[in-house]
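Student: Got a predicted structure here, sequence first:
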Amino acid sequence: MRRWLISPEIGALIGAVIVWAFFWGNGRTFGEADTTLNWLDVAAPTGIMATAVALLMIGGEFDLSSGVITGATAIQIGLVSRFFMGDGVNIGWAIGSAFLAAAAIGWFNGFMVNKTGLPSFIVTLASFFTLRGVMLVISKRLVGKVQVDQITEQEGATFFKNWIAHEWRFTEFAIRDNVFLGLVFVGAAAFIYGLLEQSFIRRAAINTVGVGMAIVGLIAAIGGFTGLLRTDGVGNNALFTIIALVGVAVAIVGTALARWVTRMRASSDGLPPEATRRLGLGIGCVALACLIPIPFDRRQGQAILTWTSSGLRPVLAILGAIVGIVLAIRAILPEMREKKKTASGFGKLTMFAIYSGLLVMTLLICFLQLTTVQALRAISMLILSGAGLTLLMLARGIAGRGSKKWQLIIGLLVAAAIVVLAFVIRADSGAVRFRTGLFGAMMIGAMAIAANTLVEFFMEKRTHADTTADRLGKRLQLIGGGMAFTGLIIRLVWSNLTPEHAAQVKAAGGSVGQNVLRQTVVWWLLVAAIGSFVLVKSKWGNWIFAVGGNKEAARAVGVPANQVKVGLFVTVSLCGCLAGTLIALRYGTVQANQGTGLEFEYIIAAVVGGCLLTGGYGSVVGAGLGSAIMAISVVGVQTTPWNSDGRFAFLGGVLLLAVLVNNFIRKKAQEAR
């Protein structure tokens, strides 16, 4: 678990989950099969390029021609297939020539960086403008315009499109939800058992009391889920949900008691002061989150500033100015005391305080003018509940160091707080996805925390290696995670219309959409898998990290630094050619400026994924997650009533937040070592 938490891609993983959940809560159709396939399709070309760009950045270099290379190779495929030798050639020869040209461009970039010692920023910027100018000139001369069309009409295009840019169409799958739930439940059981196997000491003989407890819990869980499927209504759903989840928790604890050694005696030290403070603040934040719906109406779409009374607005402005002044004084005053400045320091403090007060007041007024009552209500509930649960979990962790009894009390309190918040959201929300999906997710989270707390209280943790148990636990976790992931893919790709329902929709004049998965996504996953394997499991990966960390030191220990850098530049160009080929075969028309400016998006995806701008640190998986975050943002904004141009501001905020999170995680990783 610690290795996961200090990995470079953990920040991107957390960010992807948060961004997805954010748009799931705000987008009208986000999270359905068609939108999922849509953002995967958007992410795929960026993901292909972000993989190569991430490897290059880990190696300590940049390639600003990575965007334009996609358009240049696509243009070359179109021009060669249409005009080479007068009448054109089979598009297969055009694709081959594009890959050869891309490799040559990558080699040239790497050679110039090594030979001249110029920054890769300068070399690849020159390549960027050269390629852009050449493509514009050639396309205008041969076609008479800045785009090349009719690419998919050329000889051999159909064959290569079927093999390289194929589309799979998914229609109705009536038992989708049953398959999804079955795979997730079985996979979760295998994963949990594997985690327990890796954590605790095996018993010499099975404990029959634990077996009985596990059987009772399993029967309760099956009964609860059966009741959920066969009944309807808010009361019945809530009752059977609680029965099912309590049954699952009891089954987990019973299994642990039956299979592994229990703790002899729980420690009973008092609650540390720092845990007491966090416990009190956490309870207060959760209570406020539950009370927020009372003063605010969820149907109120008016801006906060105009919603408040005219007499309250100046008070809010003054409060904002006071907050800014206080923040300025707290930032400057310690420095003044340390350097013992008097008159000059006081003038500096006064000017900075005035400026800070005006700035905070202006930002507050803008926020209140641009934010509706609905949004403030949701933001307040989210921040207060998130902060409260985080503080409670921190208090649980601190208490667990000295008192298992207090760890048990606070852990169960956290689970109870989540249940209370779930029922508050269910009673307050008018959206179906909040009343069902979010409610169910929160109840499952409460069950997981309660089960984890009880298991840690009763069981004796293993502090020594056990090869057999560790191997079994790892295999069960991989199998369980794979099953759950497969179930999730089925849930996100297919719709759950029965044939009868689909026929009724069509008879009424409606259309039953076909969800399309394009082969671009497969190419993305393949490129990412190869890149991750090379980086993590091969000597080339070690060389890439070494060259990015310190090129001269790497060369001194025998690393072929120049060859590594040339190889990385060639890899970027070849991936750009692959992306260009997919674009040409999919659309059949390519603009001469295709890909221009996208190099920054590739770099952003890599940085969000944990790659350092200075090189020597990063992850291919993280770059893929960064691409997913960007695609989710683009598609997610389209599913909301917001201005679609707001995605740029959203991406900027995500980039800054991701860098801060990655810096924090890297610092913790260094401390752990």
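Tutor: Cool, got the structure. Numbers count the residues shown, from 1 in each chain.

Student: wait, Gln150 sits on Ser81?
Tutor: No. With contacts counted by CB atoms under 8 Å, Gln150 stays clear of Ser81, the gap being 9.1 Å. In short, each C-beta sits where N, CA and C put it, glycine included.

Student: tally of neighbours for Arg330?
Tutor: 9 (other CB atoms under 10 Å).

Student: That one: which element?
Tutor: helix 312-339 (DSSP states H and E).

Student: Now do the buried residues in the helix or strand harbouring Gly133.
Tutor: If you go by DSSP H and E, Gly133 is part of helix 120-143. Of the residues in helix 120-143, Ser120, Val123, Thr124, Leu125, Ser127, Phe128, Leu131, Arg132, Met135, Ile138, Ser139, Val143 count as buried by neighbour count, 16 or more other CB atoms under 10 Å.

Student: tell me the contacts of Ile603?
Tutor: Val53, Met57, Phe62 (CB atoms under 8 Å, 6 or more residues apart in numbering).

Student: gap between it and Met49?
Tutor: Distance from Ile603 to Met49, counting by CB to CB, to the nearest Å: 10 Å.

Student: Repeat that for Ala12.
Tutor: In terms of CB to CB, Ala12 sits 16 Å off from Met49.

Student: cool, Leu574 as well?
Tutor: With CB to CB as the criterion, Leu574 and Met49 are 11 Å apart.

Student: The helix holding Arg330 - contacts with which helices or strands?
Tutor: helix 343-370 (3 or more CB pairs under 8 Å, 6 or more residues apart in numbering; DSSP states H and E).

Student: and the helix it packs on, what does it pack onto?
Tutor: Partner elements for helix 343-370 (3+ CB pairs under 8 Å, 6+ apart): helix 304-307, helix 312-339.

Student: So what angle separates the directions of it and helix 312-339?
Tutor: With axes from the mean of the first three to the mean of the last three CA atoms, to 10 degrees defining the directions, helix 343-370 sits at 150 degrees from helix 312-339.

Student: taking the mean pLDDT, what do you get for helix 343-370?
Tutor: Helix 343-370 carries an average pLDDT of 81.

Student: Check which residues of it are buried.
Tutor: So, applying 16+ other CB under 10 Å, buried residues of helix 343-370: Gly345, Leu349, Phe352, Ala353, Ser356, Gly357, Val360, Met361, Leu364, Leu368.

Student: Out of those residues, which is nearest to Arg555?
Tutor: When these are ranked by distance to Arg555 (CB to CB), Phe352 comes first, at 48.3 Å.

Student: so who does the closest residue in space to that closest one that isn't next to it in sequence touch?
Tutor: Nearest-residue entry for Phe352: Ala328, 5.0 Å, with adjacent residues in sequence omitted and distances by CB to CB, 6 or more residues apart in numbering. By CB under 8 Å, 6+ apart, the contact set of Ala328 is Leu349, Phe352, Ala353, Tyr355, Ser356, Gly357.

Student: Count the neighbours of Leu79 for me.
Tutor: For Leu79, using other CB under 10 Å, the count is 22.

Student: What confidence value was assigned to Gly110?
Tutor: For Gly110, pLDDT reads 92.

Student: Just say helix, strand or coil for it.
Tutor: Following DSSP: H, G, I helix; E, B strand; the rest coil, Gly110 is assigned to helix.

Student: is it true that it touches Val572?
Tutor: No. Contact criterion CB under 8 Å: Gly110 and Val572 do not qualify, at 9.4 Å.

Student: Compare these two and say which is more crowded by neighbours.
Tutor: Using other CB under 10 Å, the more surrounded residue of Gly110 and Val572 is Val572, with 31 against 28.

Student: Just give the closest residue to that one, not the sequence neighbours.
Tutor: Ala52 (4.3 Å).

Student: just checking, what packs against the one helix or strand that neighbour maps to?
Tutor: In this structure, Ala52 sits in helix 33-58 according to DSSP H and E. With contacts taken as 3+ CB pairs under 8 Å, 6+ apart, helix 33-58 sits against helix 467-493, strand 515-518, helix 519-537, helix 539-549, helix 561-587, helix 598-608, helix 620-638.

Student: and among those, the most buried is which?
Tutor: helix 620-638 (a mean of 27; mean count of other CB atoms under 10 Å).

Student: That one packs against which elements?
Tutor: Looks like helix 620-638 contacts helix 10-26, helix 33-58, helix 519-537, helix 598-608, helix 646-672 (3+ CB pairs under 8 Å, 6+ apart).
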